[in-house]
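*Asks:* Dropping the sequence and predicted coords here.
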Amino acid sequence: MKLICFGVRKVEEDFFVKLNKFGYELTLIEELLNDSNIHRVEGHDAIMLRANCPGNRGNLEIFKNYGVKYLLTRTVGYNHIDLDSAKEFGFKVARVPTYSPNAIGELAITFAMNLVRKGTYMINRSREKNFVVDEFMFSREIRNLTVGIVGTGKIGLTTAKLFKGLGSKILAYDIYENENAKDILEYVSMEKLIEESDIITLHCPYIAGQNDNLLNDELISKAKKDVILINTARGELQDVEAIIRGLESGKIGGYATDVFSNEKDFFFKDMSNKNIDSNIQKLLDFYPKVLITPHIGSYTDEALTNMIEISYENLDEFIKKGISENQL
């Protein structure tokens, strides 16, 4: 079984090899799938993608013509794959339904602590040999803040536990309430969560047509002054222009994100001497009130191990049974 994997960073290669207990014949490509490398799929039976690898109809047709039978994505989300076309072309498609929730939860906590305590700002000032204590460094204590968790699946619940460990009061909203979570958080309406939370962090899936631009003008207008907004979920959940307006008005005290809806245009690229989307530039100019990371929430040893192991198992199930527990 010949398996080609795209978007495999150098640090990840040993994991792909070490976890390959099924004996797949691996081709590991560092770059994301693109027009220049797509033809390297020739001669392979299966493909593994990651987020921002476009599984659109045109690419799927190329896969089909090269005889590919199995399409894996080592991600929870799968909006980068045209499932209707995949079904039409006869592909077996599977995803990774979950991986280390701590990876994402710890990033959300890192964002929150840096925005509350101005950590990156103070460290950068010290790096520049400026040791003056200014008014911006004055902060609240996170144990005195209320944290609103939107989405209490495995990631949201893990994040809630981490914030609870710091002493924060936890409010949560989810259309499906988790009985096991009620000993550490209080379920409330979305409106109450917005109005009472000092920090709002998103951990819900993106459902097209239902929660697009969840972080929007209306939500921001109802939030507390100096609210901190965090998104480690999906870029489609936020209206970037609304967030910029909230920052400009002073309503938003801090904003951090690991995702953007158009991130494929600049994430994983060195844009230091290039023009970038004007809204992204505006956000960058708000530093240190705005913190951005390049979709690295799952970039940990545990999460990577989960992704690879489950993807390998998905392929093995397809080969042996014709179906997979995680089939799309």
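*Replies:* That came through, no problem.
*Asks:* Which residue ranges of the protein form strands?
*Replies:* 2-6, 25-29, 46-49, 70-73, 92-94, 146-150, 169-173, 186-187, 199-202, 227-231, 252-257, 290-292 (DSSP state E).
*Asks:* So for residue 323, which of those strands sits nearest?
*Replies:* strand 92-94 (8.0 Å; C-beta to C-beta). For the C-beta atoms, the positions are set from N, CA and C on the backbone; glycine is no exception.
*Asks:* For that closest one, name the packing helices and strands.
*Replies:* strand 70-73, helix 301-321 (3 or more C-beta pairs under 8 Å, 6 or more residues apart in numbering; DSSP states H and E).
*Asks:* burial measure for residue 292, as a count.
*Replies:* 19 (other C-beta atoms under 10 Å).
*Asks:* unless I'm mixing things up, it is touching residue 256, no?
*Replies:* Yes. If you go by C-beta atoms under 8 Å, residue 292 and residue 256 touch, sitting 7.3 Å apart.
*Asks:* returning to what we had before: and the helices and strands packed on strand 92-94, which is most packed in?
*Replies:* strand 70-73 (a mean of 24; mean count of other C-beta atoms under 10 Å).
*Asks:* for that one, packing partners?
*Replies:* Checking 3+ C-beta pairs under 8 Å, 6+ apart, strand 70-73 ends up next to strand 46-49, strand 92-94, helix 301-321.
*Asks:* Now those in a markdown table, please, with extra columns for mean pLDDT.
*Replies:* Formatted as a markdown table, the helices and strands packed on strand 70-73 follow (pLDDT from 0 to 100):
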| stretch | mean pLDDT |
| --- | --- |
| strand 46-49 | 98 |
| strand 92-94 | 97 |
| helix 301-321 | 97 |
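*Asks:* thinking again about what came up before, present the strands of the chain as JSON lines; the columns should include distance to residue 268.
*Replies:* Formatted as JSON lines, the strands of the chain follow (distance: least, C-beta to C-beta, whole Å):
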{"stretch": "strand 2-6", "distance to residue 268": "12"}
{"stretch": "strand 25-29", "distance to residue 268": "13"}
{"stretch": "strand 46-49", "distance to residue 268": "14"}
{"stretch": "strand 70-73", "distance to residue 268": "16"}
{"stretch": "strand 92-94", "distance to residue 268": "23"}
{"stretch": "strand 146-150", "distance to residue 268": "27"}
{"stretch": "strand 169-173", "distance to residue 268": "32"}
{"stretch": "strand 186-187", "distance to residue 268": "37"}
{"stretch": "strand 199-202", "distance to residue 268": "22"}
{"stretch": "strand 227-231", "distance to residue 268": "18"}
{"stretch": "strand 252-257", "distance to residue 268": "16"}
{"stretch": "strand 290-292", "distance to residue 268": "13"}
